[in-house]
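Asks: coords please:
(chains A and B)
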Amino acid sequence: MERVIKQQSKMKTAKQLSFQTDKRKRQMVPYLFVLPNFVIFFTFIVVPAFVGLYYSFTDYDGLSEMNFVGIENYKEVFHSSEYWNIFANTFKYAFAVVPLIFICSLGIAILLIKEIKAKGFFRAIFYWPTMISAIIVGVAWKWIFGDSFGVLNYLIESLGFTPIKWLSDPVFANITVVVGTIWARIGFFMVIFMAGLQSIPTSYYEAAQMDGASKFKMFWSITLPLLKPTSFLVLILLLIESFKQYPLVLALTGGGPAKETTFLVQYIYEFGFKKGELGYASAMSVVLFVVIVIFTVIQFKWTKGGTID
Amino acid sequence: MKKKSNILVYLALIVLVCIFIFPVIWVVLSSIKDSTELYSWPPKFIPDHPTLKNFITAFEKGNFGSYFLNSTFVTVTATILTLLVNTMAGYALAKYRFKGDTWLLIGFISTLMIPLEVIMTPIFTVISKLGLYNSLWGIIIPPAATPTGVFLIRQYLLTVPNELIEAARIDGAGEWKIFWKLIVPIAKPIISVLAIFSFMWRWDDFIWPLIVISDPTKYTVQLALSNFIGEYNVDWGSLLAMSVVTMIPVLIVFLIFQKQFIQGMATSGMKD
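Replies: Just a heads-up that it's a prediction; the model follows:
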């Protein structure tokens, strides 16, 4: 990527040099244009990133004096069984959500790029939940799943089954969180897939049809390979999204029962903001960041950067 | 044959539509029920006696009006600031060459991958040191410099021919004037895409307000809702009414700008 940007800039330098008046004065201009953005970016992203890294090696609690403790916090993170439970919760959630949303949004995108009527209507309906805030998504699904007041349990009961403790049983609480996430996020990835599918030339399918290829065969050997860059983007975005899930869970289950649906960001938040263990919380943040980077790199390698062979 | 498979497609889509709209419809229908109908067993789908009582309670007792005003102020101000700083920076990175421009661009792009959640704790320190704690400006300023915005504007302005800018310079226009009179009108389509997204990001935002605000009079709607649902005895009537009111601004924006939303997203893989 760096090379591409450099090449682009070289090309333009040549052009811009052709115009020389007021050059001196104009050299200041781009800095002034970038300045406001840079100041905000530097103050609220770059500085905190380094402060956080620094905190992770201290016993900072927000009140008493800060002491350097070396890698103590990291040792504590890796030895804490609770941390690993939370880590496992987050992983389980990600491994349920990522493939399910991937398949569902691709499936709906395939249905929607067909020649059908009211395409815009269908697309709008599926896209609309992505605009609702995660908190309200949680409220809406809690109102449906509620153990004693939810309409879903009424339905189950009237069909003659025993009502399910959707929010107070560990397994079912996880299912409700996954269902809420799928509902809220499908539309977003559906639109990305639709753009990807539309960029595949129809002539490929026509040629395959003449050769008598089956629909499945066409999907397998035309659609999927050509969709690789899109799939790569979707996978990375989905994975990062699921690793930082917090608001939806907060509204839906509050992280319960017994921390069974507590994920990493909530756990970090509780240590940093409620227990005041800022050093420890920062160390956990650094670990989370490293995990996200590792996954991004693995996916990048695995899909060869999303390029088509 | 063709017809038959099409019928199946429609059938599948209609079933999906029902599943997709149910949660929202159910929230809206429930919000206009009185307390007896709200918890009646078996539940009533359409209320017999629709009432706006829940909405009145939410505004009168729940102080929802002031949360709504806070959110509106934050969303509008933050969107204006976002458009201003990102368009300026995007323009500079697209049309000027200066020392460090490549590194700056790489810096911006690489932070697209860093979730804000990872730096929550140190951000809190920075916010308090700058005196922005418990101030709405603490939610407005920090997320304004979104890398997505800079990148979006830059990519768009790369397609503008340099000759256009040079011609304006020959005519004697200053750089600032060129920006406002030439670049901003040209970039209008992409600026409006960014405006719509910024509106949604800020209105739906939860993490920033959570970090910055603890004073209940400064709550945004999302903070108020999350506090409300966390209570031991949830007043579902008010909660559902508040949720409906909170969804309305985004729904209106979506209905008006649906096309830009979906196009903007598809081309850039938008993420805040």
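
Asks: quick one: the helices in the stretch 1-150 of chain A, in order.
Replies: Assigned by DSSP state H, counting those that start in this stretch, the stretch 1-150 of chain A shows helices spanning A:2-17, A:23-41, A:47-55, A:72-79, A:81-112, A:119-127, A:134-145.

Asks: point out the other helices and strands that the shortest one packs with.
Replies: Contacts of helix A:72-79 with other secondary structure elements, assessed using 3 or more CB pairs under 8 Å, 6 or more residues apart in numbering or on different chains; DSSP states H and E, are made with helix A:278-302. Yep, even glycine has a C-beta here, placed from its N, CA and C like the rest.

Asks: tilt between the helix it packs on and helix A:81-112?
Replies: Using axes from the mean of the first three to the mean of the last three CA atoms, to 10 degrees, the inter-axis angle of helix A:278-302 relative to helix A:81-112 is 40 degrees.

Asks: next, the buried residues of helix A:278-302.
Replies: Using 16 or more other CB atoms under 10 Å in any protein chain shown as the test for burial, helix A:278-302 gives A:278-289, A:291-292, A:295, A:299.

Asks: can you redo the helices of the stretch 1-150 of chain A as JSON lines with mean neighbour count and mean pLDDT?
Replies: Shown next, in JSON lines, are those (neighbours: other CB atoms under 10 Å in any protein chain shown; pLDDT from 0 to 100):
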{"stretch": "helix A:2-17", "mean neighbour count": "12", "mean pLDDT": "52"}
{"stretch": "helix A:23-41", "mean neighbour count": "17", "mean pLDDT": "86"}
{"stretch": "helix A:47-55", "mean neighbour count": "19", "mean pLDDT": "92"}
{"stretch": "helix A:72-79", "mean neighbour count": "16", "mean pLDDT": "92"}
{"stretch": "helix A:81-112", "mean neighbour count": "18", "mean pLDDT": "94"}
{"stretch": "helix A:119-127", "mean neighbour count": "18", "mean pLDDT": "89"}
{"stretch": "helix A:134-145", "mean neighbour count": "26", "mean pLDDT": "94"}
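
Asks: which one, of those, ends up nearest to B:N233?
Replies: helix A:134-145 (14.1 Å; CB to CB).

Asks: close to chain B, is the closest one?
Replies: Yes - with CB under 8 Å from any CB of the partner chain as the criterion, chain B is reached by helix A:134-145 at A:A134, A:I135, A:I136, A:V137, A:G138, A:V139, A:A140, A:W141, A:K142, A:W143, A:I144.

Asks: now that helix: how far from the chain's centre is it?
Replies: Centre-to-centre, helix A:134-145 and its host chain are 19 Å apart (CA atoms, centre = their mean, to the nearest Å).

Asks: returning to that earlier point: just send the helices of the stretch 1-150 of chain A back as a markdown table, with distance to B:L136 too.
Replies: Listed next are the helices of the stretch 1-150 of chain A as a markdown table, based on distance: least, CB to CB, whole Å:
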| stretch | distance to B:L136 |
| --- | --- |
| helix A:2-17 | 36 |
| helix A:23-41 | 16 |
| helix A:47-55 | 20 |
| helix A:72-79 | 33 |
| helix A:81-112 | 32 |
| helix A:119-127 | 30 |
| helix A:134-145 | 18 |
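
Asks: and B:T79, which of those helices is closest to it?
Replies: Nearest of the helices of the stretch 1-150 of chain A (CB to CB): helix A:23-41, 14.5 Å.

Asks: so which of the buried residues of helix A:278-302 also contact chain B?
Replies: A:L278, A:A281, A:S282, A:S285, A:V286, A:L288, A:F289, A:I292.
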